[in-house]
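**Student:** Predicted coordinates and the sequence they were generated for:
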Amino acid sequence: MGRKNALIVCISVILLVVLGLIMLASTSVWVESAESKYSHLKKQSIWTGVGTVAAFVAAVVDYRFLKKHAKLIFFGSLILLALCYVPGVKHTVNGETRWIKLPVLGQFQPSEAAKIGVVIALCSYLALFQSEARTFKKGFIIPMLIIVVPVILIFFEKDMGTAVGLAATCLGILFIAGTRIRYLVITAISGMSGLFVMVFINPNRWDRITSFMDLEANKLGSGLQQWRSILAFSNGGANGLGLGNGAEKHGYLPYAHTDFIFPMIGEELGLWFTLGTVLCFVIIAVYGIGVGIYAADAFGRLLAIGITGLVVIPSMMNIAVTTGLLPNTGLPLPFVSYGGTNLVFTLIAIGVLVSIHRRSNFETEDNTRVDKGVVKVRI
């Protein structure tokens, strides 16, 4: 780890984005809602270009600019999330109000932008009060208010997966910042208990849990996606059926180009490509943390950890869902699944990670420290 942390992360991201475009070319052709044969691929390619430019800008701009405007970013995130509840602006798909429609911008998912804003605000606050991280009020209560409000707004958009992923990332940031473990344990237990109650009283969500417990008995109902997903992996085996030769995308596996694109990688390209995909996310996790280790200040360290969590935790959840290890959460696979909002803002997050890396401190072999182009001898 060291000077090449960001480079290795970027290489992994590029590999995942390219894999996503290749798999989208194979799977999206069969999407019934597609405007034309390769319309999804064309849109994703445009979003890739937009996201790449935005990531480059984020990498060039000093990440400490975000700290100066953390309050504005946070309240802007809350406003975006609140728009999901405004009639005429909110856009409902399959009973979920995760999207909004605005003039010029069109349809997008506010939670993808908001979760980055929440992490920025939380890291800014904790960096400002790092000496009081172990206190109850400033080290726990106020940070929890920063976390809970947006998480609740996202949860009641019926986007449980994103809410859980954001909450887990934020608790990880609090742990790194030094918040007392007993506070975090109580919060985690309370959160999981509340989540269980909310799932239990909602027939649709509870049905996902019961289906998950016995996929074979529910393979023609609510367990269809995960059952067909497992079949896709078994069809592909170690070497896959060949690109374009998958059977599950032909209407058998719903959302094969979005939430369930990982099984299509397994069916068409085989075990080695699925393991390679997992490896890319492991590399992002390891070297993203490495960026945090060498960050120049507390804000950079916490932000690097937070961004890494925002990328890696949803990927872990998606892979766990598609392999039958977790109930269906509706989360896309970052960089790979079809979806413009997720792709653009995840690339922006990587750009911020690169910005942190570019302004980091690195120890050289001759026991010196390089800081912003000036070599300082350690005494």
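**Tutor:** Structure received.

**Student:** mind listing the strands for the stretch 51-200 of the chain?
**Tutor:** Here the stretch 51-200 of the chain has its strands, by DSSP state E, counting those that start in this stretch, at 90-93, 96-102, 106-108.

**Student:** which one of those strands lies closest to residue 294?
**Tutor:** strand 106-108 (33.6 Å; CB to CB). C-beta here means a position set from N, CA and C on the backbone, and glycine is covered the same way.

**Student:** counting contacts, what elements does the closest one pack onto?
**Tutor:** strand 96-102 (3 or more CB pairs under 8 Å, 6 or more residues apart in numbering; DSSP states H and E).

**Student:** ok, longest helix in this protein?
**Tutor:** helix 298-322 (DSSP state H).

**Student:** a markdown table please, covering the strands of the stretch 51-200 of the chain and showing distance to residue 238.
**Tutor:** What follows is these, written out as a markdown table (distance: least, CB to CB, whole Å):
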| stretch | distance to residue 238 |
| --- | --- |
| strand 90-93 | 36 |
| strand 96-102 | 36 |
| strand 106-108 | 39 |
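
**Student:** can you list the weak-confidence ranges in this protein?
**Tutor:** Along the chain, segments meeting pLDDT under 70 span 1, 32-35, 94-95, 363-379.

**Student:** related to what we said a few turns ago, what's the most buried one of the strands of the stretch 51-200 of the chain?
**Tutor:** Comparing the strands of the stretch 51-200 of the chain by mean neighbour count (mean count of other CB atoms under 10 Å), strand 96-102 ranks first with a mean of 18.

**Student:** And the strands of the stretch 51-200 of the chain: which comes nearest residue 81?
**Tutor:** strand 96-102 (9.4 Å).

**Student:** Listing partners with orientation, what would you give for the closest one?
**Tutor:** Applying DSSP bridges, strand 96-102 is found paired with strand 90-93 (antiparallel), strand 106-108 (antiparallel).

**Student:** Redo these as a markdown table? Include distance to residue 116.
**Tutor:** Formatted as a markdown table, the strands paired with strand 96-102 follow (distance: least, CB to CB, whole Å):
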| stretch | distance to residue 116 |
| --- | --- |
| strand 90-93 | 21 |
| strand 106-108 | 14 |
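
**Student:** Of the ones you listed, which is nearest residue 354?
**Tutor:** Using CB to CB, the nearest of the strands paired with strand 96-102 to residue 354 is strand 106-108, at 23.5 Å.

**Student:** Can you name the residues in contact with that closest one?
**Tutor:** 91, 99, 100, 101, 102, 340, 341 (CB atoms under 8 Å, 6 or more residues apart in numbering).

**Student:** Where does the last one sit, in terms of helix or strand?
**Tutor:** Meaning residue 341. Using DSSP states H and E, the element containing residue 341 is helix 340-358.
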